[in-house]
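A.B. asks: Quick one: sequence and predicted model below, then my questions.
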Amino acid sequence: MSRVDDPENTFDVIVVGAGPAGGSAARAAANAGARVCVLERSAVPRYKTCGGGLVGLSADHLGIELAGLVRASVSSLTMTWDGRFEVTRGRSGGRPWMSMVMRSDLDAALLAAAAAAGATVRTGAHVVGLTESGPGGTGIAEDAGDQDDGWVTVRLRAGADLRARVVVGADGTSGRCGTYVGVRCDQVDVGLEGEFVADPARAARWAGRMLIDWGPVPGSYGWVFPKGRVLTVGVIGDRAEGAALRAYYTRFVDRLGLTDLPRQHDSGHLTRVRAVASPLRRGRVLVAGDAAGLLDPWTREGISFALRSGRLAGEAAAAASVGVGRARAGVTRAGGVTDTRPTGPGATALDALAAYPARVEAILGPEMAAGREVLAAFTRRPGAMHTVMAAPGTFGLFTRLIEGRTTIARQLRRPGVRAAVAALSH
């Protein structure tokens, strides 16, 4: 086991997981002056099942240059209901509706930005457990995270234990950190996806155009996201409908005329949406992104939620950890960054850590609540939803959602929109 004063294995902040939430958290904490270590189980870059469509909110919160990551831009959208009632609309000029990236590229770029900010990156690091304690303590102290001198020990499958003042868990839906914090999810979906290598003719047919198909399984939909010669094709829906979703995926690919194309990847993944009031923190351990179940319940879009919650977690972790034993003196950390941890009378690490769940609930909570309302309407009446969404005025609203120029929560504050969604839900 490492000693608390062992500089090689002791950090202000340890981030578990190097996806969008982890990269965002690590960069935010490092920029605030914290000594940060990112632990990633896999080599980077690595393939991750993901549509790779960056909505406007994701692009706005990346904090890195996007141009080098974009495989394609989309300015045309086809919408269908189980392959029928096709409507295609597009626009010329201006900002594209959506940018398409490969998750391997995005994750690697975010991790590189965190490293450039000063974070240490360790790949091949498989976390097997977390323990909180006070200095020199040997057991789990339930209130250790509320002490200014508390530590979190991170146990690895191989190698020395690591210690940090704060851990940010960004290790996905089935990671150790979410289990430790006690994250509860009340919506579990399965996504099935393939990366198809298109011939020039079919690649040209999809250039600049994406497809959304409202599926036959309640609450499901399918997509085609073009990325040059690669077409990302998938469906997502309730895990309990696994057999029906697999059949939908097979029919969807066949209907699109893509069955004969070679596939770079063919995979599945689970998405889990946190239950209302599910914890986001336990002691000195915070969770962000998929590890916290933070995503849109209707679209299952998670990158924008990961980027924003990761940044909030990184800021809180740095505020709680940077300058323990020095914060009250207002010490300036490396890079000329002044400690941001609360320094008023009686201020503790608990104050900074407790602020994180409140900020997430204030910023992301309304968006998730609105997504639940729309999902209920969509699940009950997908045909009516398609008719409404394909109408010219509403279609424009949908594209504004994609662009990040509005949110579902903001639109539901409009009496007419709320009444329509409520009517479709019953």
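C.D. replies: Right, received. Where do you want to start?

A.B. asks: Would you map the helices across the chain?
C.D. replies: Under the criterion DSSP state H, the chain contains helices at 20-31, 56-60, 103-116, 176-181, 200-206, 242-255, 303-321, 349-363, 365-380, 382-390, 392-403, 408-412, 415-424.

A.B. asks: mind checking how far the third one is from the chain centre?
C.D. replies: On the basis of Cα atoms, centre = their mean, to the nearest Å, helix 103-116 is displaced by 14 Å from the centre of the chain it belongs to.

A.B. asks: Relative to residue 165, how far out is the closest residue in space to residue 166 that isn't next to it in sequence?
C.D. replies: Distances taken as Cβ to Cβ, 6 or more residues apart in numbering place residue 317 nearest to residue 166, at 4.0 Å, with adjacent residues excluded. Every C-beta, even on glycine, is put in place using the N, C-alpha and C of the backbone. Using Cβ to Cβ, to the nearest Å, one gets 8 Å for the distance from residue 317 to residue 165.

A.B. asks: Can you dump the C-alpha atoms of the lowest-mean-pLDDT helix or strand in the chain in PDB for me?
C.D. replies: Ranked by mean pLDDT, DSSP states H and E, the weakest helix or strand in the chain is helix 56-60, scoring a mean of 78. Extracted C-alpha coordinates of helix 56-60, given in PDB (Å, rounded to 0.1, in the frame of the first residue of the first chain):
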ATOM      1  CA  GLY A  56     -25.000  21.500 -30.200                       C
ATOM      2  CA  LEU A  57     -24.800  21.300 -26.400                       C
ATOM      3  CA  SER A  58     -21.900  18.800 -26.700                       C
ATOM      4  CA  ALA A  59     -20.000  20.900 -29.100                       C
ATOM      5  CA  ASP A  60     -20.500  24.000 -27.000                       C
END
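
A.B. asks: Remind me what that helix packs against, helices and strands.
C.D. replies: Helices and strands touching helix 56-60, by 3 or more Cβ pairs under 8 Å, 6 or more residues apart in numbering; DSSP states H and E, are helix 303-321.

A.B. asks: quick one, the helix it packs on and helix 103-116 angle?
C.D. replies: Counting by axes from the mean of the first three to the mean of the last three Cα atoms, to 10 degrees, helix 303-321 lies at 20 degrees to helix 103-116.

A.B. asks: Run through the neighbouring helices and strands of helix 303-321.
C.D. replies: Using 3+ Cβ pairs under 8 Å, 6+ apart: helix 303-321 touches strand 10-16, helix 20-31, helix 56-60, strand 162-169, strand 285-287, helix 349-363.

A.B. asks: can you pull the buried residues of the least confident helix or strand of the chain?
C.D. replies: For helix 56-60, burial by neighbour count (16 or more other Cβ atoms under 10 Å) applies to 56, 57, 58, 59.

A.B. asks: and it, how far from the chain's centre?
C.D. replies: Its chain's C-alpha centre and that of helix 56-60 lie 12 Å apart, by Cα atoms, centre = their mean.

A.B. asks: And for it, what's in contact with it?
C.D. replies: Residues outside helix 56-60 that contact it (Cβ atoms under 8 Å, 6 or more residues apart in numbering) are 66, 99, 303, 304, 307, 308, 402, 403, 404, 405, 407.

A.B. asks: Which of the residues you listed sits closest to residue 251?
C.D. replies: Nearest to residue 251 among the contacts of helix 56-60: residue 402, at 25.6 Å, using Cβ to Cβ.

A.B. asks: now stretch 80-94, how far from the centre of its chain.
C.D. replies: For stretch 80-94, the distance from its own C-alpha centre to the chain's C-alpha centre is 27 Å (Cα atoms, centre = their mean).

A.B. asks: Extract the C-alpha set from it and format it as CSV.
C.D. replies: Coordinates of each C-alpha in stretch 80-94 appear next as CSV, following Å, rounded to 0.1, in the frame of the first residue of the first chain:
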residue,chain,number,x,y,z
THR,A,80,-39.7,7.9,-40.7
TRP,A,81,-42.0,5.8,-38.5
ASP,A,82,-40.9,2.2,-38.8
GLY,A,83,-39.8,2.9,-42.3
ARG,A,84,-43.0,4.6,-43.4
PHE,A,85,-44.2,8.2,-43.9
GLU,A,86,-40.8,9.5,-44.9
VAL,A,87,-40.1,13.2,-44.5
THR,A,88,-36.8,14.8,-45.4
ARG,A,89,-35.9,18.4,-44.8
GLY,A,90,-32.7,20.2,-45.1
ARG,A,91,-31.0,23.6,-45.3
SER,A,92,-28.1,25.1,-47.1
GLY,A,93,-25.5,27.3,-45.6
GLY,A,94,-25.0,28.2,-41.9
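
A.B. asks: How about it, which residues are buried there?
C.D. replies: Neighbour counts over stretch 80-94 (16+ other Cβ under 10 Å) mark 80, 81, 82, 87, 89 as buried.

A.B. asks: pLDDT value on the second one, please?
C.D. replies: If you check residue 81, the pLDDT there is 96.

A.B. asks: again, but for the fourth one
C.D. replies: Residue 87 carries a pLDDT score of 94 in this model.

A.B. asks: What's opposite it in the beta bridge?
C.D. replies: Counting by DSSP bridges, residue 87 is bridged to residue 79.

A.B. asks: pretty sure it contacts residue 392?
C.D. replies: No. In this structure, residue 87 is not within contact of residue 392 by Cβ atoms under 8 Å, at 9.4 Å.

A.B. asks: Can you tell me how far the residue nearest the centre of the chain is from residue 365?
C.D. replies: The centre of the chain sits closest to residue 306, judged by Cα atoms, centre = their mean, with a distance of 2.9 Å. Computed as Cβ to Cβ, the residue 306 to residue 365 distance reads 16 Å.

A.B. asks: Then residue 196?
C.D. replies: 37 Å.

A.B. asks: out of these two, which sits in the more crowded spot?
C.D. replies: Between residue 196 and residue 365, residue 196 has the larger neighbour count (other Cβ atoms under 10 Å), namely 24 against 18.

A.B. asks: rewinding a little: quick one: buried ones out of the contacts of helix 56-60?
C.D. replies: Among the contacts of helix 56-60, the ones that count as buried by 16+ other Cβ under 10 Å are 66, 99, 303, 304, 307, 308, 402, 403, 404, 407.
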